[in-house]
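*Asks:* Below are the sequence and a predicted model; questions follow.
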Amino acid sequence: MASSHLSLLLPLLLLSLLFINHPVQCDGLRVLVFLLFSFVDNPIRRRSGYSDYLRKADEDNLLKGINEYRASLNLTALVKNENADCFADEMADQFNDQKCSNTTGSNTVPGMEPDFENYPKLLSKCHLNISDTKDGMILPACVPDLVTTQLLSNYTQSQYSQYLNDSKYTGVGFGTEDDWMVVVLTTSTPGGSFATYNAATLVSKTSLIHYLLFLLVNFFFL
């Protein structure tokens, strides 16, 4: 217990000393807090796992590496897709507590991929349906501590590279859970656009309202 308290107080003590000797601006403060809590093991970081800041850094680094890889093949850069991000997060949660092995993630034997019975439910959580996602691709990878270089090679130097080499994929979403990263590739075509069905619902409702107004006007004035 004492060591836990010490590991929590140590970064705060160092931060205080830095403030006393070197006043910093707001941006500098955020950087200092990030560095201290990244490199010192403490209960807050252990309880929360990867913070949102660290998770975003992992995803941004992977996107940068993938797009550099695609640029070397004269392919266009993948663009972040918020709906694919949402679905990738839901998929990543499915790997919670599953350990890395030489038969998981990018090492999975084709035809032996995990089958998620709640797949439609995961789609609905992000307001997606199968017709708008069937041409997309889900690529999970497991790398201890999500080391950037190893994570990138799991995509560019594995069976996953065939999808990153394909020009039909134009968008991407990321999800992170423990040592797992899930990449979801999207297309610019309807079958893989990951467009939410809310938009279609809104159009249909708007059309219905216009139709009812038309009938109402005709009832009173004709």
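*Replies:* Everything's here; your move.
*Asks:* Helices along the protein, start to end?
*Replies:* Using DSSP state H, the helices found in the chain span residues 2-21, 26-39, 43-48, 52-72, 82-93, 119-125, 148-156, 161-164, 197-221.
*Asks:* Worst mean pLDDT among those helices?
*Replies:* In terms of average pLDDT, helix 43-48 trails the rest of these, at a mean of 43.
*Asks:* buried ones in stretch 90-102?
*Replies:* Buried residues in stretch 90-102, counted by 16 or more other C-beta atoms under 10 Å: 90-92, 94-95, 98, 100. To be clear about C-beta, it is placed using only N, CA and C from the backbone, and glycine gets the same treatment.
*Asks:* One more: stretch 144-153?
*Replies:* For stretch 144-153, by 16+ other C-beta under 10 Å, it's 146, 151-153.
*Asks:* now the buried residues of stretch 90-102 as JSON lines including distance to Met137?
*Replies:* Shown next, in JSON lines, are the buried residues of stretch 90-102 (distance: C-beta to C-beta, whole Å):
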{"residue": "Glu90", "distance to Met137": "16"}
{"residue": "Met91", "distance to Met137": "12"}
{"residue": "Ala92", "distance to Met137": "15"}
{"residue": "Gln94", "distance to Met137": "16"}
{"residue": "Phe95", "distance to Met137": "17"}
{"residue": "Gln98", "distance to Met137": "20"}
{"residue": "Cys100", "distance to Met137": "21"}
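*Asks:* Of the residues you listed, which is the nearest to Pro120?
*Replies:* Glu90 (11.5 Å; C-beta to C-beta).
*Asks:* So that closest one is in contact with Ser124, correct?
*Replies:* No. Glu90 is beyond contact range of Ser124, at 9.7 Å (criterion: C-beta atoms under 8 Å).
*Asks:* Check the gap between Val184 and Arg70 for me.
*Replies:* From Val184 across to Arg70, the span is 16 Å (C-beta to C-beta, to the nearest Å).
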